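Visitor: let me see the structure of the following:
(chains A and B)
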Number of protein chains: 2
Amino acid sequence: MLRRKEFLEAQKKAMEYLENAHIVLTEEEKQNIEVVDFGFGDLANTGLEIVVYVNTERVCAKELVIFPHQTCAEHRHPDIEGRPGKEETFRCRWGKFYLYVPGEKTEKPGCVGPPGREEHCTVWHEIILNPGDQYTLPPDTLHWFQGGDEGAVVSEFSTRSTDDKDVFTDPGVQRETKVID
Amino acid sequence: MLRRKEFLEAQKKAMEYLENAHIVLTEEEKQNIEVVDFGFGDLANTGLEIVVYVNTERVCAKELVIFPHQTCAEHRHPDIEGRPGKEETFRCRWGKFYLYVPGEKTEKPGCVGPPGREEHCTVWHEIILNPGDQYTLPPDTLHWFQGGDEGAVVSEFSTRSTDDKDVFTDPGVQRETKVID
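Guide: Take a look at the predicted model:
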């Protein structure tokens, strides 16, 4: 859970990153930047900031902000009721983005997992995205990611987003962020 | 049809617009900017410039560049083999974007149709998008659009793009651009 002060500070910081990337948001979008703490209340190590542009039955587009060495917890998007899970393309707009997917373990990866929860990072094939680079992840594929030394702003183009259906490796994860006063 | 010189000039100009919008492209993407003349060889009035980021069976994302008062010819994305047609969201990143869709005719629209082909613009409900504004168009819905006085850069988030299946109002339209030396 997050204190309201932390939540608002993270929103403000995310907005600064989006300004670095020259991404124009409406006032309403700025007010609604989603701050995800995965239940750990430790945004410096684990978390993600999200602007959802559109999420219909068929298409979703978002901007993701990931602070320096902040980790988005490992997860996959499973098939749902016989329909293939979410397919997503990450396109880096600003900063450096470390994405980890199944495949040959990268010998000297640029990141370590979040302190105390490293064991829940189980895929170690590293994809590094700099601005203009992108990567398409098939449905139901384990992945986690982390911002580089300056963090990153990344566009996500995907099929419908159903966050509550995501399957996380770490049993301690809570996808819904609780904010307390 | 377009002369190679015109084609390359339009690519270069589109790149300048994308730079105005601070959109970072790879060298390969810059080389592959699509220039569409809709068969009229008159880019000043009718045309569109496109960067396709991704186009899978399920998801497509593009940047569109539309020069000042350049018109993208009226068309719709029909259902294909029982599957609903392309659904698309336009999000303005830079400049001003005039989109025309079915609905109440706007009394004093900001645009006129391309000279000599005005009759093929049949929907006149005007949506104006400034940077940060967006609009989601349902499948199989007639639409055309035009750049404002400075042109526009617009992100398009959609289901799979199958340009050859688009249905144009103007029977003179050819979707595939022919470039001659």
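Visitor: number of residues surrounding A:D133?
Guide: A count of nearby residues for A:D133, using other CB atoms under 10 Å in any protein chain shown, gives 16. In this view, the C-beta of every residue, glycine as well, is placed from N, C-alpha and C.
Visitor: show the pLDDT at it.
Guide: We have a pLDDT of 98 for A:D133.
Visitor: does A:I66 touch A:A152 like I think?
Guide: Yes: applying CB atoms under 8 Å as the test, A:I66 and A:A152 come out as touching, 5.2 Å apart.
Visitor: now do the shared contacts for these two.
Guide: Shared contacts of A:I66 and A:A152, defined by CB atoms under 8 Å, 6 or more residues apart in numbering or on different chains, are found at A:F97.
Visitor: of those two, who's got more company?
Guide: Set side by side, A:I66 and A:A152 show more neighbours around A:A152, with 29 against 26, by other CB under 10 Å.
Visitor: who touches the more buried one in this structure?
Guide: Residues in contact with A:A152 (CB under 8 Å, 6+ apart) are A:64-66, A:92, A:94-97, A:129.
Visitor: quick check: the farthest pair among those?
Guide: A:V65 and A:L129 (14.2 Å; CB to CB).
Visitor: the more surrounded of the two?
Guide: Between A:V65 and A:L129, counting by other CB under 10 Å, A:V65 is the more crowded of the two (32 against 21).
Visitor: and what about the more buried one, helix, strand or coil?
Guide: Assigned with DSSP: H, G, I helix; E, B strand; the rest coil, A:V65 falls in the strand class.
Visitor: enumerate the residues of chain A near chain B.
Guide: Selection of chain A residues close to chain B by CB under 8 Å from any CB of the partner chain yields A:21-26, A:29, A:53-54, A:56, A:58-61, A:84, A:87, A:89, A:91, A:93, A:131-134, A:136, A:155, A:157-159.
Visitor: C-terminal to the longest strand anywhere in chain A, what's the next element?
Guide: For chain A, the longest strand by residue count, based on DSSP state E, is strand A:143-158. As assigned by DSSP states H and E, the chain's next helix or strand after strand A:143-158 is strand A:167-168.
Visitor: just the strands in chain A please.
Guide: A:2-3, A:34-36, A:48-55, A:60-66, A:71-76, A:88-101, A:125-129, A:134-137, A:143-158, A:167-168, A:179-180.
Visitor: so for stretch A:103-113, mean pLDDT?
Guide: For stretch A:103-113, mean pLDDT is 97.
Visitor: okay, the angle between the longest strand of chain A and strand A:60-66?
Guide: Per axes from the mean of the first three to the mean of the last three CA atoms, to 10 degrees, the angle that strand A:143-158 makes with strand A:60-66 is 140 degrees.
Visitor: which ones are touching A:V59?
Guide: Counted by CB under 8 Å, 6+ apart, A:V59 has contacts A:158-160, B:59, B:87, B:89, B:157-159.
Visitor: ignore what I typed, I meant A:P102.
Guide: Taking CB under 8 Å, 6+ apart as the criterion, A:P102 is in contact with A:123, A:125, A:141-142.
Visitor: let's see 6 Å
Guide: A:P102 is in contact with A:123, A:142, counting by CB atoms under 6 Å, 6 or more residues apart in numbering or on different chains.
Visitor: and for A:F97?
Guide: Per CB under 6 Å, 6+ apart, neighbours of A:F97: A:129, A:152, A:154.
Visitor: and with 7 Å instead?
Guide: Under the criterion of CB atoms under 7 Å, 6 or more residues apart in numbering or on different chains, the contact list for A:F97 reads A:66, A:90, A:129, A:145, A:147-148, A:152, A:154.
Visitor: same thing with A:Y135?
Guide: With CB under 7 Å, 6+ apart, A:Y135 has these contacts: A:90, A:99, A:127, A:129.
Visitor: state the pair within those that is farthest apart.
Guide: A:F90 and A:I127 (8.6 Å).
Visitor: what do these two both touch?
Guide: In contact with both A:F90 and A:I127: A:99, A:135, using CB under 7 Å, 6+ apart.
Visitor: so the two - more neighbours on which side?
Guide: Taking other CB under 10 Å, A:F90 and A:I127 do not tie; A:F90 has more neighbours (22 against 18).
Visitor: buried residues, stretch A:80-90. List them.
Guide: By 16 or more other CB atoms under 10 Å in any protein chain shown, the buried positions in stretch A:80-90 come out as A:85-90.
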